[in-house]
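**Student:** Here is my input, please return the structure:
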Amino acid sequence: MLQSGDQLSSTFAALADPTRRAILSRLTLGEATVKELAEPFSISPPAISRHLKVLERAGLISRGRTAQWRPCRLESEPLEQAARWLQGSREQWEAGADRLALFLTSQDTHER
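**Tutor:** So this is what the prediction gives:
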C-alpha cells in the first residue's frame, strides 16, 4: 500500500493528463470496457491501455473480470483523499490571506 503522500503524488500525476481525466469522467457514469472507454479518443488502443495502467497504478480505477468482459470501474477513495488534502490546503491559504488582510488594514489605519 502506498503511503498517503505517495498516494497523493500518484493521484495528482494521473490527473495531470486530460485523457485520463476524461476516462475518469466517463467512469462516473458506471463501469465500461476498454473498447467503450477508447471510443471517444483518436488514439491507439495501446495508448488507451497505457492510460488505464497509470490510472490503475494510482488506484483510481480497478478492473474486474466477467467471462471475457473486463470492465473498468472508478475507485473513489484516492479522489476523496486528494479532495481532503486540497480542502485542508485551501483552509490554510484562506487563513493566511485573512491574516494578511487584517495586517494591511491595521497598517492602513496606523498610517492615517
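
**Student:** ranges for the strands of this structure?
**Tutor:** If DSSP state E is used as the criterion, the strands of the chain fall at 61-63, 72-74.

**Student:** Take the ones you listed and lay them out in TSV including distance to V54, mean pLDDT and mean neighbour count.
**Tutor:** No exception for glycine: its C-beta is placed from N, CA and C like everyone else's. Shown next, in TSV, are the strands of the chain (distance: least, C-beta to C-beta, whole Å; pLDDT from 0 to 100; neighbours: other C-beta atoms under 10 Å):
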stretch	distance to V54	mean pLDDT	mean neighbour count
strand 61-63	10	95	18
strand 72-74	13	95	19
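
**Student:** A82 is nearest to which of those strands?
**Tutor:** strand 72-74 (13.5 Å; C-beta to C-beta).

**Student:** List the contacts of the closest residue to E31 other than its chain neighbours.
**Tutor:** Among residues not flanking E31 along the chain, P71 sits closest, at 3.9 Å (C-beta to C-beta, 6 or more residues apart in numbering). Contacts for P71 (C-beta atoms under 8 Å, 6 or more residues apart in numbering) come out as E31, A32, T33, R63, G64.
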